[in-house]
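Peer 1: Pasted the sequence and its predicted model underneath.
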Amino acid sequence: MKRQRVPGPGRVWAECREQIRHVRLRGDVEAYADGQLTGAHRMRVAAHIACCWACSGSLQLLRLIKVSLRHHPQRTPPSLASARVRRFAHHLTTPPGQVRPRR
């Protein structure tokens, strides 16, 4: 049986510190994608994105989502009021003996 090596406290702390850094940077990556960062802060986030595969992947995903939203027509979801009116109209038009489908 092979003995598993347990990481030392320094390694565990480094991984934990990096995870905390990513939690703090999550909003910064989104602001970077939107072009809201300026100056030195923008440069720090750009440097981190250049060397971090997780944050660069998040940035690419955000950019793809933005492009997708830009190229599709604006669609608004139906309002709750219109759904209720349609349901009530269906209720009024269904004959009394017929089973009404539940919506």
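Peer 2: Now that the structure is in, tell me what you want to look at. Residues are numbered from 1 along each chain as shown.
Peer 1: could you give the mean pLDDT of the host helix or strand of Leu69?
Peer 2: Secondary structure assigned from DSSP states H and E places Leu69 in helix 53-71. Per-residue pLDDT over helix 53-71 has a mean of 85.
Peer 1: just use 536 as the starting number from now, easier for me
Peer 2: Taking 536 as the first residue, the last one we looked at is helix 588-606.
Peer 1: in it, what's buried?
Peer 2: Judged by neighbour count using 16 or more other C-beta atoms under 10 Å, the buried positions of helix 588-606 are 590, 593-594. Just so you know, the C-beta spots here come from the backbone N, C-alpha and C atoms, and that holds for glycine as well.
Peer 1: now swap in stretch 575-586 and tell me
Peer 2: For stretch 575-586, a neighbour-count test (16+ other C-beta under 10 Å) marks 580, 583-584 as buried.
Peer 1: What segments of this protein are helices?
Peer 2: Secondary structure of the chain (DSSP state H): helices at 544-569, 574-586, 588-606, 615-628.
Peer 1: and the second one, what does it pack onto?
Peer 2: Same thing as helix 574-586. When contacts are defined as 3 or more C-beta pairs under 8 Å, 6 or more residues apart in numbering; DSSP states H and E, helix 574-586 packs onto helix 544-569, helix 588-606.
Peer 1: Appreciated, that's everything.
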